[in-house]
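In: whatever this is, show me its structure:
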Amino acid sequence: MSVAVVPQQKRVTISSKRQFTIPQRFFTELGFDKEAVCTMAEGMLIIEPAKEVSNSEFSEQILADLIAEGYEGQDLLIEFKNRQSKIRPAVERLIKMAKDAANGIGEYAAFDEVFGGSD
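Out: Numbering: from 1, shown residues only. As a prediction, this is how the structure comes out:
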């Protein structure tokens, strides 16, 4: 059974300085803080809470992999720092590729190509 999602809307006023206030309920429910990310796609402006991209999110997996590969001691620390330094640039490349795909730029795969068709 499919459940229809009803979008929540609220009309807001835009000031002469191109500013507006995010309705309190939206602000709270979506987890906004001090920054937002604005994306323009298909004639829409999408405003989302800014999320911190932290290398620490992958630290446990990196350490587990390194230990499984036999690293220990000082070599473990050196290789951990090396691999951790590569995460942010990789995430930034993935984000750029996703934005390009959303805007029809570059190579991208359709949902069915990635996940297979529904059977």
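In: any weak-confidence spans in this protein?
Out: Residue ranges of the chain with pLDDT under 70: 1-2, 53-57, 108-111, 113-119.
In: could you redo the last one with a cut-off of 90?
Out: Scanning the chain with the threshold set as pLDDT under 90 gives 1-8, 37, 39-44, 50-62, 81, 83-119.
In: the most far-flung residue of it relative to its centre and Gln84, how far apart?
Out: Relative to the centre of the chain, the most outlying C-alpha is that of Gly73, 33.7 Å out, by Cα atoms, centre = their mean. Counting by Cβ to Cβ, to the nearest Å, the gap from Gly73 to Gln84 is 17 Å. The C-beta positions use only the backbone N, C-alpha and C, and glycine is treated the same way.
In: same question for Glu42.
Out: From Glu42 to Gln84 the distance is 36 Å (Cβ to Cβ).
In: those two: who's more crowded?
Out: When neighbours are counted by other Cβ atoms under 10 Å, Glu42 and Gln84 differ, and Gln84 comes out ahead with 15 against 8.
In: any chance you could map the helices in this protein?
Out: Secondary structure of the chain (DSSP state H): helices at 24-30, 59-68, 73-84, 87-102, 111-115.
In: quick one: those helices as JSON lines, columns for distance to Arg18 too.
Out: Listed next are those as JSON lines, based on distance: least, Cβ to Cβ, whole Å:
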{"stretch": "helix 24-30", "distance to Arg18": "18"}
{"stretch": "helix 59-68", "distance to Arg18": "40"}
{"stretch": "helix 73-84", "distance to Arg18": "39"}
{"stretch": "helix 87-102", "distance to Arg18": "22"}
{"stretch": "helix 111-115", "distance to Arg18": "35"}
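In: mind checking which of these is nearest Thr13?
Out: Closest to Thr13 of these, according to Cβ to Cβ: helix 24-30, at 15.0 Å.
In: buried ones in the closest one?
Out: Using 16 or more other Cβ atoms under 10 Å as the test for burial, helix 24-30 gives no buried residues.
In: run through who's touching that helix.
Out: Gln8, Lys10, Phe32, Glu48, Pro49 (Cβ atoms under 8 Å, 6 or more residues apart in numbering).
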